[in-house]
Every structure is written in C-alpha cells, then in structure tokens.
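> let me see the structure of the following:
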Amino acid sequence: MKVYTTDEVASMLKISRNTVLNLINKKELKAKKVARKWRVTEGHLQDFFRDQKS
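Numbers count the residues shown, from 1 in each chain. Next comes the predicted model:
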C-alpha cells in the first residue's frame with residue numbers, strides 16, 4: 001500500500017498544500033495522522049477521484 005504526504009498529494013493534483021489540508025478538514029479527502037502529520041493512502045486518493053467524477 002502506497003502512502004503519500006500532503007506535499008506529494010498537492011504536487012500530484014497540482015494544487016497547494018493548504019488546499020489539500022482543506023479537503024482533509026472538510027472530509028472530502030480521507031487521511032490519517034501519523035506522527036502528527038497527515039498521510040493519504042493510494043486507496044483514499046482513488047476514492048477521492050471516483051467521488052469527483054460522480
């Protein structure tokens with residue numbers, strides 16, 4: 001299972017890190033805190049893309 005940092009997600013989506021954090025806070029993008037930092041799994045990213053198409 002691949003796990004991404006918020007910076008990596010921001011780079012992939014071509015958005016700012018703050019926008020990624022806003023998506024997490026609004027529960028539009030699922031993430032887990034690991035060692036006080038947010039991490040997004042590959043599966044959660046796929047779910048996010050699937051939800052955006054609906």
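> where does the longest helix along the chain sit relative to the chain's centre, distance-wise?
With secondary structure taken from DSSP state H, the chain has its longest helix at helix 42-53. On the basis of CA atoms, centre = their mean, to the nearest Å, helix 42-53 sits 9 Å off its chain's mean C-alpha point.
> list the buried ones in the worst-scoring helix or strand of the chain on mean pLDDT?
Within the chain, no helix or strand scores below helix 42-53, which has a mean of 93 by mean pLDDT, DSSP states H and E. Of all the residues in helix 42-53, those buried under the rule 16 or more other CB atoms under 10 Å are 44-45, 48. Where C-beta positions appear, they are placed from N, C-alpha and C, glycine not excepted.
> can you show me the helices along this structure?
6-13, 17-25, 42-53.
> nearest to residue 32, of these?
helix 42-53 (8.6 Å; CB to CB).
> which residues outside the closest one are in contact with it?
Helix 42-53 is contacted by residues 1-4, 9, 12, 23, 28-31 when judged by CB atoms under 8 Å, 6 or more residues apart in numbering.
> name the nearest residue to residue 38, sequence neighbours excluded.
residue 31 (4.5 Å; CB to CB, 6 or more residues apart in numbering).
> list only buried entries from the contacts of helix 42-53.
Applying 16+ other CB under 10 Å to those flags 4, 9, 23, 29, 31 as buried.
> can you add pLDDT and give these back as a markdown table?
Converted to a markdown table, the buried ones among the contacts of helix 42-53 look like this (pLDDT from 0 to 100):
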| residue | pLDDT |
| --- | --- |
| 4 | 98 |
| 9 | 98 |
| 23 | 98 |
| 29 | 97 |
| 31 | 98 |
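> in JSON lines, list those residues along with distance to residue 53.
Shown next, in JSON lines, are the buried ones among the contacts of helix 42-53 (distance: CB to CB, whole Å):
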{"residue": "4", "distance to residue 53": "20"}
{"residue": "9", "distance to residue 53": "18"}
{"residue": "23", "distance to residue 53": "16"}
{"residue": "29", "distance to residue 53": "15"}
{"residue": "31", "distance to residue 53": "20"}
